[in-house]
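Engineer: sequence first, then the predicted structure, then my questions.
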Amino acid sequence: MNIYHSTCPSCGNEADHLVDGNIIAVRCAHCGYWAGELSGTQERRLKRHQDRRMGSGDHDAHPILTPEEYWALTYLIRLAQSNTGQSGRVANFLLSWWNSASCGAFDLTDLWGLDDEITQAMQVVIRFLCRRQHYPDTLGLKAEFQALIEQWRPHLLEEEA
(Lines give C-alpha, C1' and ligand atoms only; values in the text may rest on other atoms or scores of the structure.)
Protein backbone atom coordinates (compact mmCIF):
# COMPACT_ATOMS: atom_id res chain seq x y z
CA MET A 1 0.00 0.00 0.00
CA ASN A 2 1.34 3.43 -0.94
CA ILE A 3 0.15 6.67 0.61
CA TYR A 4 0.34 9.88 -1.38
CA HIS A 5 -0.61 13.42 -0.47
CA SER A 6 -2.86 15.57 -2.61
CA THR A 7 -5.71 18.02 -2.25
CA CYS A 8 -8.92 17.04 -0.48
CA PRO A 9 -11.85 17.43 -2.90
CA SER A 10 -14.03 18.68 -0.04
CA CYS A 11 -12.01 21.26 1.94
CA GLY A 12 -8.92 21.85 -0.23
CA ASN A 13 -6.43 20.87 2.50
CA GLU A 14 -3.85 18.12 2.05
CA ALA A 15 -5.42 14.64 2.14
CA ASP A 16 -4.02 11.11 2.12
CA HIS A 17 -4.64 9.07 -1.03
CA LEU A 18 -4.06 5.35 -0.53
CA VAL A 19 -3.29 3.08 -3.45
CA ASP A 20 -3.15 -0.68 -2.92
CA GLY A 21 -3.25 -2.49 -6.23
CA ASN A 22 -6.42 -1.28 -7.93
CA ILE A 23 -8.02 -0.02 -4.71
CA ILE A 24 -7.94 3.72 -4.12
CA ALA A 25 -9.19 5.48 -1.00
CA VAL A 26 -9.06 9.12 0.09
CA ARG A 27 -9.09 10.39 3.67
CA CYS A 28 -8.75 13.96 4.92
CA ALA A 29 -7.70 14.39 8.56
CA HIS A 30 -8.81 18.04 8.45
CA CYS A 31 -12.49 17.80 7.46
CA GLY A 32 -13.11 14.05 7.79
CA TYR A 33 -13.80 13.51 4.08
CA TRP A 34 -13.65 9.81 3.23
CA ALA A 35 -14.11 7.85 0.00
CA GLY A 36 -13.26 4.19 -0.57
CA GLU A 37 -12.95 1.10 1.61
CA LEU A 38 -9.97 -0.30 3.50
CA SER A 39 -9.21 -3.62 5.15
CA GLY A 40 -8.32 -3.66 8.84
CA THR A 41 -4.60 -3.83 8.01
CA GLN A 42 -4.86 -0.90 5.61
CA GLU A 43 -6.84 1.08 8.19
CA ARG A 44 -4.14 0.53 10.85
CA ARG A 45 -1.40 1.58 8.43
CA LEU A 46 -3.29 4.74 7.52
CA LYS A 47 -3.81 5.55 11.21
CA ARG A 48 -0.06 5.14 11.87
CA HIS A 49 0.71 7.37 8.89
CA GLN A 50 -1.72 10.09 9.98
CA ASP A 51 -0.39 10.00 13.56
CA ARG A 52 3.07 10.71 12.15
CA ARG A 53 1.84 13.53 9.94
CA MET A 54 -0.33 15.27 12.50
CA GLY A 55 1.95 14.69 15.47
CA SER A 56 1.27 11.93 17.94
CA GLY A 57 2.64 13.78 20.97
CA ASP A 58 5.54 11.35 21.38
CA HIS A 59 8.20 14.07 21.15
CA ASP A 60 8.59 17.74 21.89
CA ALA A 61 7.86 19.98 18.94
CA HIS A 62 10.98 20.52 16.85
CA PRO A 63 11.60 24.20 16.09
CA ILE A 64 12.16 23.54 12.36
CA LEU A 65 10.78 20.10 11.45
CA THR A 66 7.08 19.24 11.24
CA PRO A 67 5.99 16.12 13.18
CA GLU A 68 5.99 14.12 9.94
CA GLU A 69 9.48 15.35 9.01
CA TYR A 70 10.78 14.66 12.51
CA TRP A 71 9.35 11.13 12.47
CA ALA A 72 10.74 10.39 8.98
CA LEU A 73 14.21 11.66 9.81
CA THR A 74 14.50 9.87 13.16
CA TYR A 75 13.09 6.70 11.56
CA LEU A 76 15.76 6.81 8.85
CA ILE A 77 18.52 7.50 11.40
CA ARG A 78 17.40 4.50 13.48
CA LEU A 79 17.41 2.31 10.35
CA ALA A 80 20.86 3.53 9.33
CA GLN A 81 22.19 2.70 12.80
CA SER A 82 21.22 -0.96 12.37
CA ASN A 83 23.20 -3.43 10.26
CA THR A 84 21.17 -4.70 7.29
CA GLY A 85 21.31 -4.24 3.53
CA GLN A 86 18.60 -1.61 3.77
CA SER A 87 20.37 0.22 6.60
CA GLY A 88 23.46 0.65 4.42
CA ARG A 89 21.35 2.19 1.68
CA VAL A 90 19.63 4.50 4.16
CA ALA A 91 23.03 5.51 5.57
CA ASN A 92 24.21 6.34 2.03
CA PHE A 93 21.15 8.58 1.59
CA LEU A 94 21.65 10.40 4.89
CA LEU A 95 25.42 10.77 4.58
CA SER A 96 25.13 12.19 1.07
CA TRP A 97 23.10 14.98 2.68
CA TRP A 98 25.78 15.48 5.36
CA ASN A 99 28.62 15.86 2.84
CA SER A 100 28.39 14.21 -0.56
CA ALA A 101 31.95 15.25 -1.48
CA SER A 102 33.53 13.22 1.32
CA CYS A 103 30.80 10.70 2.22
CA GLY A 104 29.74 9.87 -1.33
CA ALA A 105 26.69 10.71 -3.37
CA PHE A 106 23.49 8.68 -3.16
CA ASP A 107 23.05 6.16 -5.98
CA LEU A 108 19.40 6.31 -7.03
CA THR A 109 19.45 2.60 -7.86
CA ASP A 110 19.81 2.02 -4.10
CA LEU A 111 16.08 2.82 -3.97
CA TRP A 112 15.40 -0.49 -5.71
CA GLY A 113 16.39 -2.40 -2.58
CA LEU A 114 14.22 -0.48 -0.10
CA ASP A 115 10.75 -1.11 1.33
CA ASP A 116 7.95 1.34 0.51
CA GLU A 117 7.82 2.73 4.05
CA ILE A 118 11.52 3.60 3.88
CA THR A 119 11.26 5.31 0.48
CA GLN A 120 8.22 7.25 1.69
CA ALA A 121 10.24 8.50 4.68
CA MET A 122 13.01 9.50 2.26
CA GLN A 123 10.45 11.40 0.18
CA VAL A 124 9.41 13.35 3.27
CA VAL A 125 13.06 14.29 3.92
CA ILE A 126 13.56 15.27 0.27
CA ARG A 127 10.44 17.47 0.38
CA PHE A 128 11.81 19.11 3.54
CA LEU A 129 15.19 19.74 1.88
CA CYS A 130 13.49 21.32 -1.14
CA ARG A 131 11.43 23.59 1.10
CA ARG A 132 13.97 24.43 3.82
CA GLN A 133 17.70 24.42 3.11
CA HIS A 134 19.25 22.93 6.25
CA TYR A 135 22.12 20.58 6.99
CA PRO A 136 21.66 17.96 9.73
CA ASP A 137 23.87 19.81 12.23
CA THR A 138 21.57 22.87 12.05
CA LEU A 139 18.70 20.57 13.08
CA GLY A 140 20.52 19.38 16.20
CA LEU A 141 21.53 16.05 14.64
CA LYS A 142 25.30 16.46 14.48
CA ALA A 143 26.01 13.68 17.01
CA GLU A 144 23.71 11.23 15.21
CA PHE A 145 25.35 11.90 11.85
CA GLN A 146 28.86 11.69 13.30
CA ALA A 147 27.90 8.29 14.72
CA LEU A 148 26.77 7.25 11.22
CA ILE A 149 30.12 8.37 9.82
CA GLU A 150 31.89 6.33 12.49
CA GLN A 151 29.76 3.29 11.64
CA TRP A 152 29.63 3.52 7.83
CA ARG A 153 32.64 5.68 6.85
CA PRO A 154 35.33 5.00 9.50
CA HIS A 155 38.08 5.72 6.95
CA LEU A 156 37.02 9.39 7.02
CA LEU A 157 37.85 9.57 10.73
CA GLU A 158 41.28 8.05 10.08
CA GLU A 159 41.95 10.68 7.40
CA GLU A 160 41.19 13.48 9.88
CA ALA A 161 43.65 12.14 12.46
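Structural biologist: Ah, there it is.

Engineer: ok, the residue nearest the centre of the chain to D107 distance?
Structural biologist: Residue closest to the average C-alpha location in the chain (CA atoms, centre = their mean): A121, at 1.9 Å. Using CB to CB, to the nearest Å, we find A121 at a distance of 18 Å from D107. The way it works is simple: take the backbone N, C-alpha and C, and place the C-beta from them, glycine included.

Engineer: ok, now Q133?
Structural biologist: From Q133 to D107 the distance is 23 Å (CB to CB).

Engineer: can you check A143 too?
Structural biologist: 26 Å.

Engineer: quick one: contacts of the longest helix anywhere in the chain?
Structural biologist: Counting by DSSP state H, the longest helix found in the chain is helix 85-103. Applying CB atoms under 8 Å, 6 or more residues apart in numbering, the contact partners of helix 85-103 are 76-77, 79-81, 104-107, 110-111, 113-115, 118, 122, 125, 129, 135-136, 145, 148-149, 151-153, 156.

Engineer: out of those residues, list just those in helices.
Structural biologist: Using DSSP H, those in helices are 76-77, 79-81, 118, 122, 125, 129, 145, 148-149, 151-152, 156.

Engineer: hmm, which two among those residues are most spread apart?
Structural biologist: Largest separation among these by CB to CB: I118 and L156, giving 24.3 Å.
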